[in-house]
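Peer 1: I'd like to go over a predicted model; first the sequence, then the structure.
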Amino acid sequence: MPRPDFPKTIFEFQEWFSTEDACLKFLIDSRWPNGFVCPACGYNEYYWMETRKILQCKNCKHQVSPTAGTVMHRTKMPLRLWFHAAYLVATQTPGMSALQFQRQMGLSSYQTAFTMLHKLRSGMVRSGRDRLAGLVEVDETYVGGVEHGKTGRGAYGKVIVAGAVDVRDKYANRVRLKVIPDVTQKTLTEFVESNVVEGSTVRTDDWLGYNKLENSGYIHLVDSAELVHIHRVFSNLKTWLLGTHHGVSKIHLQAYLNEYVFRFNRRGTPMAAFQTVLGLGSQQLSPTYKQLYGIRKGELAYAHPSNPLN
């Protein structure tokens, strides 16, 4: 039996999740679509502990929270708030900054909005996701504000982002983005190997770092003029980072890249992303408050006067 369906419109959303109990039922049905199975002993019957909102196995008494394994685990915020937040994150095409999110959700604290958004972003990453295949464009770009000194590859003070996009019928299909430490042959080859299926055709520019791709089982084409799709992805990414978020920290940049990839790859079916953003079924550990705020001032990958360390 598949997991429960997701709401298709804002009206359905408001009708489905009008109470905390409705949200709890959705979580339980999503986690155990074929019926409850105790993670400790495998028994399939439970008691519902109303005061603590947990399930207790009738056999071994093991207790399980419906939010365990989701981005909402041990939250003190109402589930309705999390569900509405996930709906906004999944359906708002350009996304939103933490400040916009704070206003939309009526939160009193910017830190709470920032933390919730990053926890939801953690649900966007699926381990073991399929690699790109077919014709794949690969390149790197430098994310950061204006800096004095060297430009281009090796530019001072910028963050290097590697990107890959597979092309279907002359259109960009799926994308992958990753912060990398350098543009050496080892780093770039590892990026391709992690994100592109062997035997695929990989198109790059003439940078020496891509010279050994054929040794890794790829058909390597060198043609800078034909990297149209990945260059467009990079351009739109930078516009999004500045336009929506007004600058992001270097430490958190990968989380924003994950969000961009998530939105890009689901641009045709944003509502289907609702369950994924909540972390249902992913068992993805979300970042803690301490991890999120272990950031030093001045570490912005993109700076903007109005950015409060988004």
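Peer 2: Thanks, I have the structure now.
Peer 1: average pLDDT across stretch 42-56?
Peer 2: Average pLDDT, stretch 42-56: 95.
Peer 1: same thing with stretch 205-225?
Peer 2: The model assigns stretch 205-225 a mean pLDDT of 95.
Peer 1: So which residues of the chain form helices?
Peer 2: All helices of the chain, identified by DSSP state H, fall at 10-16, 20-31, 79-91, 98-105, 110-122, 185-195, 228-243, 253-265, 274-277, 289-292.
Peer 1: got the ones you listed as a markdown table, with mean pLDDT and distance to Arg203 columns?
Peer 2: (C-beta placed from N, C-alpha, C; glycine too.) What follows is those, written out as a markdown table (pLDDT from 0 to 100; distance: least, CB to CB, whole Å):
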| stretch | mean pLDDT | distance to Arg203 |
| --- | --- | --- |
| helix 10-16 | 90 | 41 |
| helix 20-31 | 91 | 40 |
| helix 79-91 | 88 | 32 |
| helix 98-105 | 88 | 37 |
| helix 110-122 | 87 | 30 |
| helix 185-195 | 97 | 11 |
| helix 228-243 | 92 | 9 |
| helix 253-265 | 89 | 19 |
| helix 274-277 | 79 | 30 |
| helix 289-292 | 48 | 37 |
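Peer 1: Tyr218 is nearest to which of the ones you listed?
Peer 2: Set against Tyr218 and scored by CB to CB, the helices of the chain come closest in helix 185-195, at 6.9 Å.
Peer 1: Skipping its backbone neighbours, what lies nearest Pro181 in space?
Peer 2: Take Pro181 and drop its neighbours on the chain: the residue closest to it by CB to CB, 6 or more residues apart in numbering is Thr187, 6.4 Å away.
Peer 1: Tell me how many other residues crowd that neighbour.
Peer 2: Number of residues near Thr187 (other CB atoms under 10 Å) recorded here: 16.
Peer 1: One more: His84?
Peer 2: Neighbour count for His84, taken as other CB under 10 Å: 17.
Peer 1: How about the contacts made by it?
Peer 2: His84 makes contact with 13, 17, 105 under the criterion CB atoms under 8 Å, 6 or more residues apart in numbering.
Peer 1: now do Leu208
Peer 2: Gln185.
Peer 1: Tell me, how many residues neighbour the closest residue to Trp82 other than its chain neighbours?
Peer 2: Leaving aside its sequence neighbours, Trp82 sits nearest to Met72 (CB to CB, 6+ apart; 4.9 Å). Neighbours of Met72 under the rule other CB under 10 Å: 28.
Peer 1: Confirm for me that Met72 is in contact with Arg80.
Peer 2: No - Met72 lies out of contact with Arg80 (CB atoms under 8 Å); the separation is 11.1 Å.
Peer 1: Relative to Arg174, which of the contacts of His84 is nearest.
Peer 2: When the contacts of His84 are compared for distance to Arg174 (CB to CB), Phe13 wins out at 26.8 Å.
Peer 1: what's the burial count for Met96?
Peer 2: Neighbourhood size, Met96 [other CB under 10 Å]: 18.
Peer 1: Test for you: state the pLDDT assigned to it.
Peer 2: For Met96, pLDDT reads 80.
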